[in-house]
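Novice: Could you look at this predicted model? Sequence included:
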Amino acid sequence: MNANNLINTAASVECGPGRWSPYGSEMESGGMRRTPNAPRGTMRSVTREAFGVRRIPPLSFSRIDAGVSYANSGFHVRNPFAAKMRILRMLTLLSLFCSTAFAGILTVGPDYKAPTNAFPETYKAAELGSWKEGRPLDNVPKGSWWEVFQDPQLNELETLALQSNQQLKAAVARVSQARATARVARADLLPTLTLAPSYTRERYSPNQVPSFGPLTANNFSAPLDLSYEIDLWGRVRRGFESARAEAQASLADYYNILLGLQADVAQNYFALRSLDAERNTVIATVALRKEQVRLVRSRFEGGVGNDLDVARAETELATTEADAASLNQRRAQLENALAILLGISPSSFRLSPLTNTNWNPTPPAVPAGLPAELLERRPDVAQAERLMAAGNARIGVAKAAFFPVVTLTASGGYLSGDVQTLFNWDSRVWSIGPSVSLPIFAGGRNRANYKRAQAAFEENVALYRQQVLVAFEDIENSLAGIRFLAEESAAQQRAVSNSQRAARLAQDRYRSGIVSYLEVVDANREALGAERSDAQLTGQRLNVTVQLIKALGGGWEAVNLAQKPERMAQERSNLWKK
């Protein structure tokens, strides 16, 4: 028996001293009650309103609990669908509780395991020893490693570069983007709530069944909607793992750019200072050549020398002056490059030249037996490892696409045809229930995505291993450079001393008339070349030391390496919170 038939029966049937009466406003699940001595003919009309039927007292309709009730009646007529609705509601709530409680337990896809690369305890240049398992230590503080060179000017430039370099600022912005992306992925783990109040005015067709009075009505609603994907298979969690690992990789890339910037500033600075020392040597040689030209011309005018000696002396002077001009050009280029690294316009930056002609700083000594843990601090190695972790998580995301997606949707709020009664208790509406989306046929798309994720992970593994090999190469090259450049520099200093002595002897012998000016020219060329090579070697030794520091991830001080791996892992996992 439907609701309309039940109402008609209640309005027309009398029973004993009482009657079936539609009086009353309370809604119950199960039917209607008998009201004693109810007056006849009290059945009132109903009008069609927005979103269904509005009760004009004493008649009451309700879709809730799938039943119709009448208050103050003596009998209770049960609706056979009410019990089924209650059972369905209980089953729905039970399924939602179970699915939420077990969300993420059946996480599909491989769990990531940290790489177990073999790192040597020492390096080839220091007697290769045993090997150990590696673990990333990229977030160990490196400190101001450039201070080991004890150059106040370099310290100022490094500080300025950290404040103004544009590439570093761009890297910071990329880290912020990656962190925001990770927070977006994390938001998928939580429900989504939206408030969507609305107003519409509608006209109904008079030909629809059943037909009611007014053909136009107002619709006011203020619903609060909830949507939540129950992550049964770990798809959302794997997505968050991937985004978080990519954010950590972006942070490692920032540290890589930071370390590269610091190394570039130091190397450009030392190259410029080495050029200053070479330039000072050439300028001093220009003054010496001018004195020699004056001497040769004086001897020629006195009838002792010849015109050939004068031409040779003037040629050497012009050649040395040309070398000085070339060094000035190279210095200007290095100064401009350094200004760009500092984030300053080249036109407004100037680094005063060295006035000390005996600039010969000693590179800091590299301790024997560098620990392999220093290699693990390299940010590029850490970046490759984090990208490998992100690729591993994406395999789980792709695999979860083979399984059904369970989504919980709920809505609750107020609904009325009159704005004045919108927030009345009788205007409340709600709905709740799960939905399941099961992939049946996708044309092989899910399997292709899964294969692609696996291949991308294998690529990341290969790139990580390649980066480790590149790190070994950088360190071995730097260690070899430090060792052999030190030997070369010692030999070059002996060459400088001997060439200067030979130049003095040749000059004295020429003045005594024992040798021609050609021997003086040759001796001076050798002395100038030896001094310039010595200045260049000094800069190369400083630069290769910077290269070693960069290859080791920022210095060789091992005082911070005792930091517990658990703490570093916690810092890495909390990256997305910042």
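Specialist: Noted; the coordinates are in hand.

Novice: Tell me how far stretch 263-275 lies from the chain's centre.
Specialist: Offset of stretch 263-275 from its chain centre (Cα atoms, centre = their mean, to the nearest Å): 30 Å.

Novice: What average pLDDT does it get?
Specialist: Per-residue pLDDT over stretch 263-275 has a mean of 95.

Novice: give me every residue that touches residue 188.
Specialist: 229, 236, 239, 240 (Cβ atoms under 8 Å, 6 or more residues apart in numbering). Every residue, glycine included, has its C-beta placed from N, CA and C.

Novice: Okay, it and residue 111: tell me how far apart.
Specialist: 20 Å (Cβ to Cβ, to the nearest Å).

Novice: Drop anything exposed from the contacts of residue 188.
Specialist: Neighbour counting by 16 or more other Cβ atoms under 10 Å classes 229, 236, 239, 240 among those as buried.

Novice: give the contact list for the last one.
Specialist: It refers to residue 240. Residue 240 makes contact with 182, 185, 186, 188, 189, according to Cβ under 8 Å, 6+ apart.

Novice: Show me where the protein has its helices.
Specialist: Using DSSP state H, the helices found in the chain span residues 3-12, 80-101, 152-164, 166-187, 235-301, 307-341, 379-400, 445-511, 517-551, 565-573.

Novice: Contact partners for residue 216?
Specialist: Per Cβ under 8 Å, 6+ apart, neighbours of residue 216: 201, 202, 203, 204.

Novice: again, only this time at 6 Å
Specialist: By Cβ atoms under 6 Å, 6 or more residues apart in numbering, residue 216 lies in contact with residue 203.

Novice: Mind listing the residues bridging to it?
Specialist: Per DSSP bridges, residues listed as beta-bridge partners of residue 216: residue 203.

Novice: For ChimeraX, write the selection for the buried entries among the contacts of residue 240.
Specialist: Buried residues among the contacts of residue 240 (16+ other Cβ under 10 Å), as a ChimeraX selection:
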select :182,185,186,188
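
Novice: I'd like to know which of the contacts of residue 240 is nearest to residue 176.
Specialist: In terms of Cβ to Cβ, no member of these lies closer to residue 176 than residue 182, at 10.8 Å.

Novice: Touching, the closest one and residue 247? I think so.
Specialist: Yes - the criterion here is Cβ atoms under 6 Å, and residue 182 meets it with residue 247 at 4.3 Å.

Novice: count of neighbours near the closest residue to residue 194 other than its chain neighbours?
Specialist: Nearest non-adjacent residue to residue 194, counting by Cβ to Cβ, 6 or more residues apart in numbering: residue 225, 4.9 Å away. The tally of other residues near residue 225 (other Cβ atoms under 10 Å) stands at 15.

Novice: And residue 225, how far from residue 218?
Specialist: Using Cβ to Cβ, we find residue 225 at a distance of 21 Å from residue 218.

Novice: Using a markdown table, please lay out the buried ones among the contacts of residue 188 together with pLDDT.
Specialist: Formatted as a markdown table, the buried ones among the contacts of residue 188 follow (pLDDT from 0 to 100):
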| residue | pLDDT |
| --- | --- |
| 229 | 90 |
| 236 | 91 |
| 239 | 93 |
| 240 | 93 |
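
Novice: Of those, which is the nearest to residue 396?
Specialist: Closest to residue 396, out of all of the buried ones among the contacts of residue 188 and judged by Cβ to Cβ, is residue 239, at 8.4 Å.

Novice: coming back round to it: what's the closest of the contacts of residue 188 to residue 251?
Specialist: Distances from residue 251 to these, taken by Cβ to Cβ, are shortest for residue 240, at 16.4 Å.

Novice: Who is the closest residue to residue 199 other than its chain neighbours paired with across the strands?
Specialist: Leaving aside its sequence neighbours, residue 199 sits nearest to residue 220 (Cβ to Cβ, 6+ apart; 5.5 Å). Legend: beta-bridge partners of residue 220 under DSSP bridges are residue 199, residue 416.

Novice: residues in contact with residue 220?
Specialist: Contacts for residue 220 (Cβ under 6 Å, 6+ apart) come out as 199, 416, 419, 422.

Novice: per-residue confidence at it?
Specialist: On the pLDDT scale, residue 220 is placed at 87.

Novice: just the helices of the chain: most buried one?
Specialist: Sort these by mean neighbour count, taking mean count of other Cβ atoms under 10 Å, and helix 379-400 sits at the top with a mean of 24.

Novice: Can you name every helix or strand that that helix contacts?
Specialist: helix 235-301, helix 445-511 (3 or more Cβ pairs under 6 Å, 6 or more residues apart in numbering; DSSP states H and E).

Novice: Which strands and helices lie in contact with the last one?
Specialist: When you say that, I think you mean helix 445-511. helix 379-400, helix 517-551.

Novice: so how far is the shortest one off the chain centroid?
Specialist: Relative to the chain's own centre, helix 379-400 is displaced by 13 Å; criterion: Cα atoms, centre = their mean.

Novice: who touches it?
Specialist: In contact with helix 379-400 (Cβ under 6 Å, 6+ apart) are residues 108-109, 112, 136, 138, 233, 235, 238-239, 241-242, 245-246, 248-249, 252-253, 255-256, 449-450, 453-454, 456-457, 460-461, 463-464, 467, 471.

Novice: before we move on, the earlier item: export the buried ones among the contacts of residue 188 to JSON lines and tack on distance to residue 333?
Specialist: Listed next are the buried ones among the contacts of residue 188 as JSON lines, based on distance: Cβ to Cβ, whole Å:
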{"residue": "229", "distance to residue 333": "58"}
{"residue": "236", "distance to residue 333": "53"}
{"residue": "239", "distance to residue 333": "48"}
{"residue": "240", "distance to residue 333": "48"}
